[in-house]
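J.: Just to be clear, the model below is a prediction. Sequence and coordinates:
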Amino acid sequence: MASMLSEISVAGFKSLRDVTLDLQPMNILIGANGAGKSNLLSLFKLVSEVVGGTLQNYVAASGGADHLLYFRKKTTRELSIRFKSGTSLIYECRLVPTEEDRLFFADERYGVEGERVLLHGGHFESKMLKPPPRRSDGKTPYAAQRFQKSLRDLMYGRAVYHFHDAGYTAAMRATAKTDDNRILRSDGSNLAPFLYWLKEKHDLEHRRVSDAVRLVAPFFKDFALSPLKLAPETIKLEWEEVGDEGYRDASDLSDGTLRFMCLATLLLQPQPPGLILIDEPELGLHPYAIGILAELLRAASRRSQIIVSSQSSALVNHFKPEDVIVVERKRENGQTFESSGRQETVFKRLDTPSLEQWLEDYELGDLWEKNLLGGRPTYA
């Protein structure tokens, strides 16, 4: 994973007042509701919009710049982001709010540490995906080319995956366009055409997805995917049940089973994104299914960098302390409530040596439930 992110820094974004976080191939975020896990995942969405040149659309959809800044514009006058890939490749930008409640580029740079190229300053949209600037000899800086590719691999066209909406009106249950198969969409809405593409072009991965689903749902025999005969440009999710000669469709699947199908497809696809972010993948899954999910996540982390936000101690039980990052809200700069009522998000990666004695008798998730790791609501 040459393009793996090694470090992210952000200041002034939502509850992230000033954060620097080292990243590993596997990163499991745990913490109380509202601690800031989703805010970190939202940061990647923001950067993907920056890289894609659609920052202002994201700002507007988020309610304006005031809603994105740490305790609003009256407290924060600048949002800064810094991504580091490998040992020295850097992307960074500084955004400031405007009177129109938009975000304005103060500047944007990328390149090797100490030799970053100024992309531009004072523009409303990023130009990251346009040809990088040339040197005086007319050649494009190699570091600029390389890091631009890294950012594309990590971010372009990707978003936080959230398969939460699996209800009877969910898009993943509906008929979809057969050719909508370039990437698996973040909400699983093109699950059927993507699985059909796997069946036609990547049979091994298709069979691996089917095998994983059978481990969780033994009644499941296999997918039965083909374009609709009277509308060949469309397809719907159909499958076979053990002991039944007919086909069933997505309406016959429980929410949890459908979510697991999406997760297995995401993690077992032949060419996964360089960075995979998943919000609460354990939602609606049986503890046994959570164990299978953990195995899929670990296997996927050998090909992609994984960042997962979770509330599940059962999921945490399957990982090492070094894989887990505890997320908490604490008084700003350690101040008392009287001096500042604001709470900022802080991150702490666990380590085995400090927990070694506890781990002789307990699983890691059990220690979290016993409040020995933090990650619980704090009131002081």
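T.: Yep, that arrived. Numbers count the residues shown, from 1 in each chain.

J.: shaky segments in the stretch 151-300 of the chain?
T.: 151-159 (pLDDT under 70).

J.: Just give the number of residues close to residue 53.
T.: 15 (other C-beta atoms under 10 Å). Every C-beta, even on glycine, is put in place using the N, C-alpha and C of the backbone.

J.: swap in residue 257?
T.: Residues near residue 257, counting by other C-beta under 10 Å: 21.

J.: How is the chain divided into domains?
T.: Residue ranges for the domains of the chain, per automatic domain parsing: 5-158+319-369, 171-274.

J.: Helices of this structure, residue ranges please.
T.: Listed in chain order, the helices of the chain (DSSP state H) span 37-52, 55-61, 65-68, 142-155, 191-201, 203-216, 255-268, 287-300, 313-316, 352-359, 364-369.

J.: about what we covered before: would you turn the domains of the chain into JSON lines with distance to residue 299?
T.: Below are the domains of the chain laid out as JSON lines (distance: least, C-beta to C-beta, whole Å):
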{"stretch": "domain 5-158+319-369", "distance to residue 299": "11"}
{"stretch": "domain 171-274", "distance to residue 299": "7"}
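
J.: Out of these, flag the one nearest residue 281.
T.: Among those, domain 171-274 comes nearest to residue 281, with 5.6 Å by C-beta to C-beta.

J.: what's the first-to-last distance across that closest one?
T.: 25 Å (C-alpha to C-alpha, to the nearest Å).

J.: how far does it sit from the chain's center?
T.: With C-alpha atoms, centre = their mean, to the nearest Å as the basis, domain 171-274 stands 21 Å off its chain's centre.

J.: what pairs with the residue most central in space within the chain across the strands?
T.: Geometric centre of the chain, nearest residue: residue 277, 1.7 Å, by C-alpha atoms, centre = their mean. In this entry, residue 277 is beta-bridged to residue 307, by DSSP bridges.

J.: circling back: closest to residue 313 out of the domains of the chain?
T.: Nearest to residue 313, of all the domains of the chain, is domain 5-158+319-369, at 3.2 Å by C-beta to C-beta.

J.: to the chain's geometric centre, what's the distance from the closest one?
T.: 12 Å.

J.: thinking again about what came up before, out of the helices of the chain, flag the one nearest residue 12.
T.: Closest approach to residue 12 among those (C-beta to C-beta): helix 65-68, 8.7 Å.

J.: buried stuff in the closest one?
T.: Using 16 or more other C-beta atoms under 10 Å as the test for burial, helix 65-68 gives 65, 68.

J.: Same check on stretch 180-195?
T.: Within stretch 180-195, the residues that count as buried by 16+ other C-beta under 10 Å are 180-181, 183-195.

J.: Give me the neighbour count for residue 229.
T.: Other residues close to residue 229 by other C-beta under 10 Å number 6.

J.: What of the one 10 residues further on?
T.: By other C-beta under 10 Å, the residues close to residue 239 number 22.

J.: What separation do you get for the spatially closest residue to it that is not a sequence neighbour and residue 233?
T.: Spatial nearest neighbour of residue 239, excluding adjacent residues (C-beta to C-beta, 6 or more residues apart in numbering): residue 223 at 5.1 Å. Distance, residue 223 to residue 233, using C-beta to C-beta, to the nearest Å: 19 Å.

J.: Which of the two has more residues huddled nearby?
T.: residue 223 (22 against 9).

J.: Let me know whether that one touches residue 199 as I believe.
T.: Yes: with contact defined as C-beta atoms under 8 Å, residue 223 and residue 199 form a contacting pair (7.0 Å).

J.: any common contacting residues for the two?
T.: Listed as contacting both residue 223 and residue 199 by C-beta atoms under 8 Å, 6 or more residues apart in numbering are residue 206.

J.: Which one of the buried residues of stretch 180-195 is nearest to residue 40?
T.: Checking the buried residues of stretch 180-195 against residue 40 with C-beta to C-beta, the nearest one is residue 186 at 16.2 Å.

J.: What spatial separation is found between the closest one and residue 361?
T.: Going from residue 186 to residue 361 by C-beta to C-beta gives 40 Å.

J.: And for residue 242?
T.: According to C-beta to C-beta, residue 242 stands 41 Å off from residue 361.

J.: the more surrounded of those two?
T.: Each of residue 242 and residue 361 has its neighbours counted (other C-beta under 10 Å); residue 242 has more, 11 against 8.

J.: So the residue nearest to the centre of the chain sits against residue 310, correct?
T.: No: applying C-beta under 8 Å, one finds residue 277 not in contact with residue 310, separated by 12.0 Å.

J.: just to revisit the earlier point, check contacts around the residue nearest to residue 239.
T.: Residues counted as contacts of residue 223 (C-beta under 8 Å, 6+ apart) are 195, 199, 206, 210, 237, 238, 239, 240.
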